[in-house]
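J.: when you get a sec, could you give me coordinates for this:
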Amino acid sequence: MLIGKTKDFINIQGVYFIYSIGTVASKKASQYPFLSREFLMFYMLELIIIFIYAYLWQVIIKRVDLITAYSSKGAVMFWTLIWSSVLFKEHIKLTNILGLIIITTGILLVIRDDK
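T.: Below is the predicted model:
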């Protein structure tokens, strides 16, 4: 049973990882003039990623309790923090790390309670 839960957890994180890539495309689109070729390219990429995320989300919530799936959505903050630092050279502040620790603790408490 633990293997199934671990696989579900990894699948949820994978879906949220894909969703976080959409936020990267969104930020990239915002860096170009509205309706420019680059803007439209990144905006379309974001839409494609969101459609993929929506499909995978439906698959996930058929297998996993909704409370577990939604509580794990905070993991998007982890991926967003990574992308902002690596791709956009933004600085990670202590408050960002503390917030991430609080979110991760909440996720772990909900998942542990789900067992």
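
J.: buried stuff in the longest helix seen in the chain?
T.: Of all segments of type helix in the chain, defined using DSSP state H, the longest is helix 2-30. Neighbour-count burial for helix 2-30, counted by 16 or more other C-beta atoms under 10 Å, picks out 8-9, 11-13, 15-16, 18-29. In short, each C-beta sits where N, CA and C put it, glycine included.

J.: which strands and helices sit next to that helix?
T.: For helix 2-30, the packing partners by 3 or more C-beta pairs under 8 Å, 6 or more residues apart in numbering; DSSP states H and E come out as helix 37-63, helix 66-71, helix 75-86.

J.: okay, the angle between it and helix 37-63?
T.: Angle between the axes of helix 2-30 and helix 37-63 is 160 degrees (criterion: axes from the mean of the first three to the mean of the last three C-alpha atoms, to 10 degrees).

J.: ok, now which ones touch the closest residue to Ala75 other than its chain neighbours?
T.: Distances taken as C-beta to C-beta, 6 or more residues apart in numbering place Tyr16 nearest to Ala75, at 5.0 Å, with adjacent residues excluded. Tyr16 sits next to Ser72, Lys73, Ala75, Val76, Trp79 when contact means C-beta atoms under 8 Å, 6 or more residues apart in numbering.

J.: just give me the neighbour total for the fourth one.
T.: Using other C-beta atoms under 10 Å, the number of residues around Val76 comes to 18.

J.: can you tell me how far it is from Arg63?
T.: Remark: distance between Val76 and Arg63 (C-beta to C-beta, to the nearest Å) = 19 Å.

J.: now the longest helix of the chain, how far from the chain's geometric center?
T.: Distance, stretch centre to chain centre, for helix 2-30: 4 Å (C-alpha atoms, centre = their mean, to the nearest Å).

J.: now that helix: mean pLDDT?
T.: Mean pLDDT, computed over helix 2-30, is 84.

J.: what angle sits between that helix and helix 75-86?
T.: Going by the same axes, to 10 degrees, helix 2-30 makes 50 degrees with helix 75-86.
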